[in-house]
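> What follows is a predicted protein model with its sequence.
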Amino acid sequence: MLEQTIKYNEPINISTKNGNAVVLSEEDYNSIMETLYISSIPNLKDEIIKRAKDKDEEFIDEIEANW
């Protein structure tokens with residue numbers, strides 16, 4: 001079951017008499033944590049949505065960026 005969770009990102013729901021739990025792949029967990037972090041930064045979500053609508057020609061290649 002754990003291998004399927006890791007390979008296919010299928011969560012495992014565990015129910016007990018004392019409560020419930022969910023087992024996630026590390027990849028899914030990290031994605032959720034990153035989403036929560038991004039959501040916690042004021043205006044960042046709106047900026048990401050705005051930039052996603054920009055035309056491709058407004059961007060430069062990564063190799064052209066001055067880091």
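Nice, thanks for sending it over. Numbers count the residues shown, from 1 in each chain.
> Okay, the residue of the chain most remote from its centre and Met1: tell me how far apart.
Distance from the C-alpha centroid of the chain peaks at Lys17, with 31.3 Å (CA atoms, centre = their mean). For Lys17, the distance to Met1 (CB to CB, to the nearest Å) stands at 20 Å. Where C-beta positions appear, they are placed from N, C-alpha and C, glycine not excepted.
> Next: Leu36.
Applying CB to CB, the value for Leu36 to Met1 is 26 Å.
> any idea which element Ser39 lies in?
Here Ser39, judged by DSSP states H and E, is contained in helix 26-40.
> Buried ones in stretch 28-37, by neighbour count?
The neighbour-count check on stretch 28-37 (16 or more other CB atoms under 10 Å) flags Asp28 as buried.
> which stretches of this protein have low pLDDT?
Counting by pLDDT under 70, the chain has low-confidence residues at 58.
> now do 80
The model of the chain has pLDDT under 80 over residues 54-60, 67.
> how much space between Ser15 and Ser25?
Distance from Ser15 to Ser25, counting by CB to CB: 20 Å.
> Between those two, which is the more surrounded one?
Ranked by neighbour count (other CB atoms under 10 Å), Ser15 and Ser25 place Ser25 first, with 18 against 8.
> Run through the residues that contact Ile14.
Asn20, Ala21, Val22, Val23 (CB atoms under 8 Å, 6 or more residues apart in numbering).
> For the chain, which segments count as helices?
2-8, 26-40, 44-52 (DSSP state H).
> Reformat the ones you listed as JSON lines; add distance to Ala65.
Formatted as JSON lines, the helices of the chain follow (distance: least, CB to CB, whole Å):
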{"stretch": "helix 2-8", "distance to Ala65": "34"}
{"stretch": "helix 26-40", "distance to Ala65": "21"}
{"stretch": "helix 44-52", "distance to Ala65": "15"}
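> What number of residues are in the vicinity of Val23?
By the measure other CB under 10 Å, the count of residues near Val23 is 15.
> ok, back up a step: C-alpha coordinates for the helix holding Ser39, PDB please?
Only the C-alpha atoms of helix 26-40 are listed here, as PDB (Å, rounded to 0.1, in the frame of the first residue of the first chain):
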ATOM      1  CA  GLU A  26       6.300  12.900   0.500                       C
ATOM      2  CA  GLU A  27       5.900  14.500  -2.900                       C
ATOM      3  CA  ASP A  28       2.200  15.300  -2.100                       C
ATOM      4  CA  TYR A  29       3.000  16.500   1.400                       C
ATOM      5  CA  ASN A  30       5.700  18.800   0.100                       C
ATOM      6  CA  SER A  31       3.300  20.200  -2.500                       C
ATOM      7  CA  ILE A  32       0.700  20.900   0.100                       C
ATOM      8  CA  MET A  33       3.200  22.600   2.400                       C
ATOM      9  CA  GLU A  34       4.500  24.800  -0.500                       C
ATOM     10  CA  THR A  35       0.900  25.800  -1.500                       C
ATOM     11  CA  LEU A  36       0.200  26.700   2.100                       C
ATOM     12  CA  TYR A  37       3.400  28.800   2.300                       C
ATOM     13  CA  ILE A  38       2.700  30.600  -1.000                       C
ATOM     14  CA  SER A  39      -0.900  31.200   0.200                       C
ATOM     15  CA  SER A  40       0.400  32.800   3.400                       C
END
